[in-house]
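>>> generate coordinates for the sequence data below:
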Amino acid sequence: MKKKNSPSGGLVYSTDPNFRFPAEDENAISTPVPSQQKLRIRLDTRNRGGKAVTLVQGFVGTASEADELGKKLKTFCGTGGAVKDFEIIVQGDNRDKVLQWLIKNGFTASKKI
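Alright, predicted model coming up:
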């Protein structure tokens with residue numbers, strides 16, 4: 001598991017005198033246009049104390065773009081949430097609102113019942 005703000009990724013010591021940390025290039029991941037994104041929307045209550053959340057899965061892109069999309073969805077729905085491992089979590093059963101927003105903004109989305 002890679003540490004969030006550490007360029008070493010959790011590496012503490014190396015015996016190799018020529019060791020260099022690998023260069024991280026966030027632009028290496030090319031984000032497809034929204035019409036090529038195939039997002040899946042589903043309701044989840046697992047491991048959440050019985051509370052329902054709307055999950056948006058299948059986003060391809062950088063972490064900052066996933067955070068931005070999550071923020072827009074949460075603002076549109078008027079709820080809280082988070083983005084973890086490129087999975088957008090919106091609190092409550094907002095599948096219809098999220099689907100409506102994604103289609104309006106050019107994403108290809110499908111809702112699981």
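>>> just give me the longest strand of the chain.
The single longest strand within the chain, with elements called by DSSP state E, is strand 38-44.
>>> quick check: buried residues in that strand?
Residues 39, 41 are the ones in strand 38-44 that count as buried (16 or more other Cβ atoms under 10 Å). C-beta: built from backbone N, CA, C; applies to glycine.
>>> pLDDT (mean, whole number) over it?
Here strand 38-44 scores 94 as its mean pLDDT.
>>> list the helices and strands the next helix or strand after it packs on?
Reading on from strand 38-44 to the C-terminus, the next helix or strand found by DSSP states H and E is strand 53-57. Using 3 or more Cβ pairs under 8 Å, 6 or more residues apart in numbering; DSSP states H and E, the elements in contact with strand 53-57 are strand 38-44, helix 63-77, strand 87-91, helix 95-104.
>>> helices or strands next to the third one in the packing?
Using 3+ Cβ pairs under 8 Å, 6+ apart as the contact criterion, the elements in contact with strand 87-91 are strand 53-57, helix 63-77, strand 81-84.
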